[in-house]
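Q: Following is a predicted model, sequence given first.
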Amino acid sequence: MDKHTAISIFESLSSGVRLDVYRLLVKHGPNGLVAGEIATALSLPPTNLSFHLKAMTYAQLLSVTQEGRFQRYRANLSLMQDLIAYLTEECCAGHPEQCFDQTSASSCCEPGSPISSTQTESIP
């Protein structure tokens, strides 16, 4: 990842609404949510939400797929992992493995992992 991409991600997440959307979609993992479900969960008007979803999709934080007349949004988890790697690559003089356990961070979003199952079960 380069500095320009990292800045673009941070700029996109600097909105409270967008941060809430991203965190909600992370909780739902690979299943994602359709726009109406996101609006309902966050009590947002659909027109306001569509503006934020478009910006986040443009920044590649979200992917979107058409399902009939609905659009399903999913968090781009690999992009976030790349951002974390970019931010921590110089940790401990270029040896981030000495700073924290990276395997626990990368396994949290794998289907069937205890953390991802726990997160999705606690969603209202």
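A: Thanks, I have the structure now.

Q: shouldn't residue 42 be in contact with residue 19?
A: No: with contacts counted by CB atoms under 8 Å, residue 42 stays clear of residue 19, the gap being 10.8 Å. Placement of C-beta: from N, CA and C, glycine included.

Q: what sits up against the helix or strand harbouring residue 53?
A: Here residue 53, judged by DSSP states H and E, is contained in helix 46-58. Contact with helix 46-58 is made by 12, 15, 17-18, 21-22, 35-36, 38-39, 42, 62-64, 73, as judged by CB atoms under 8 Å, 6 or more residues apart in numbering.

Q: Now for the residues you listed: which two are most distant?
A: 12 and 36 (21.8 Å; CB to CB).

Q: For those two, indicate the residue with more neighbours.
A: Taking other CB atoms under 10 Å, residue 12 and residue 36 do not tie; residue 12 has more neighbours (20 against 12).

Q: name the element the more buried one belongs to?
A: Per DSSP H and E: helix 3-13 holds residue 12.

Q: Grab the nearest non-local neighbour of residue 9.
A: Leaving out its chain neighbours, the residue that sits closest to residue 9 by CB to CB, 6 or more residues apart in numbering is residue 83, at 5.6 Å.

Q: what's the angle from the helix or strand containing that neighbour to helix 3-13?
A: Using DSSP H and E, residue 83 falls within helix 77-88. Counting by axes from the mean of the first three to the mean of the last three CA atoms, to 10 degrees, helix 77-88 lies at 120 degrees to helix 3-13.

Q: which of the residues in helix 77-88 are buried?
A: 77, 79-80, 83 (16 or more other CB atoms under 10 Å).

Q: any idea which of the residues you listed is closest to residue 3?
A: For the buried residues of helix 77-88, the nearest to residue 3 is residue 83 (11.3 Å; CB to CB).

Q: Distance-wise, check the closest one relative to residue 8.
A: 10 Å (CB to CB, to the nearest Å).
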